[in-house]
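Following is a predicted model, sequence given first.
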Protein chains: 2
Amino acid sequence: MLKPFDDTYFMQQALKEAQLALDKNEVPVGAVIVTNNTIIARAHNLTECLTDVTAHAEMQVFTSAASYLGSKYLRNCTLYVTLEPCNMCAGACFWTQIGKVVYGASDEKRGFKNHNTPLHPKTKVVKGILAAECSKILLRFFEQQRKINNKS
Amino acid sequence: MLKPFDDTYFMQQALKEAQLALDKNEVPVGAVIVTNNTIIARAHNLTECLTDVTAHAEMQVFTSAASYLGSKYLRNCTLYVTLEPCNMCAGACFWTQIGKVVYGASDEKRGFKNHNTPLHPKTKVVKGILAAECSKILLRFFEQQRKINNKS
């Protein structure tokens, strides 16, 4: 059966955002926020462009979704993000009380899971959606960077 | 000996920011960033005014300081904040690689310390500067809120 609006579909949309980050030489992480099967916010990592370490995809997409809804809480929303959130972004997830977090690639070193950083008790977590694709775009970025560094 | 630019002086400046938050009915937390004895950024919590849970004093002051310096890293800077940073803000501290974090009141429940959320290995931490004053303004806010809630 066709499932046009399942987790894979929305993660593909987050991957499109990651591609936009890659096009700008940013670490390619993308995110979307979904409520009632509708994407209400899209963002990608912009830490280099904005000279701001807080400009992770998740932080921007939360601000954007809250602005759209006129509500600082995102209880009926799902965050789709291509990489496991870091502690900062997990902390933001906690404050938004977001209903569900779906991420693609795991981040053993910087991800919130290994640090046991708590999300809100009501937040559900799904991991590994399109994990290979989400990892691949990150690996491509770091390979590109190595080539640039070796040339200089 | 007079020490016009010690931790107490800069925490007083962060407290002035907390007062500005209180005046707006925001949870009164204030922050300043200092480098070479100069305040380069000031901010206070604006989560209600901006309908944005990411608008903690620390998050805003980091963005502001990075913009002022034109550098996303704040290695030679000190953050003065009236309340112990939460996990989100501690995560942001990590990414900025900030040189020193000085906070006033402890936050047993939401503070980063009890969650063991890591800052950057080079970040020094000082706590308890003007702790009583920093707690007092928070208690005043929550008392105010209780009165409002009891009336409604």
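Done, it's in.

could you show me where the helices are in chain A, in order?
A:7-23, A:57-69, A:87-96, A:131-151 (DSSP state H).

Could you list the low-confidence segments of chain A?
A:1-3 (pLDDT under 70).

Show me the one of the helices of chain A that comes nearest A:R110.
helix A:87-96 (7.7 Å; C-beta to C-beta). C-beta here means a position set from N, CA and C on the backbone, and glycine is covered the same way.

Now do that closest one: which elements does it pack against?
Judged by 3 or more C-beta pairs under 8 Å, 6 or more residues apart in numbering or on different chains; DSSP states H and E, the packing partners of helix A:87-96 are helix A:57-69, helix B:87-96.

can you tell which of those is closest to B:T54?
Comparing the helices and strands packed on helix A:87-96 by C-beta to C-beta, helix A:57-69 comes nearest, at 5.5 Å.

ok so, going back, now the helices and strands packed on helix A:87-96 in JSON lines, with distance to B:H115?
Compiled in JSON lines, the helices and strands packed on helix A:87-96 are given as follows (distance: least, C-beta to C-beta, whole Å):
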{"stretch": "helix A:57-69", "distance to B:H115": "18"}
{"stretch": "helix B:87-96", "distance to B:H115": "6"}
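
what's the most buried one of those?
helix B:87-96 (a mean of 27; mean count of other C-beta atoms under 10 Å in any protein chain shown).

got the residues of chain A near chain B?
Counting by C-beta under 8 Å from any C-beta of the partner chain, the residues of chain A close to chain B are A:47-48, A:51-54, A:59, A:62-63, A:66-67, A:70-73, A:86-92, A:94-96, A:115-118.

ok, now which ones touch A:A131?
Residues near A:A131 by C-beta atoms under 8 Å, 6 or more residues apart in numbering or on different chains: A:104-106.

again, 10 Å this time
A:11, A:82-84, A:103-106 (C-beta atoms under 10 Å, 6 or more residues apart in numbering or on different chains).

now it: how far from A:M11?
According to C-beta to C-beta, to the nearest Å, A:A131 and A:M11 sit 9 Å apart.

Now do the shared contacts for the two.
Overlap of the contact sets of A:A131 and A:M11 (by C-beta under 10 Å, 6+ apart) consists of A:82, A:103-104.

Of those, just say which sits nearest to chain B.
A:Y103 (15.8 Å; C-beta to the nearest C-beta).
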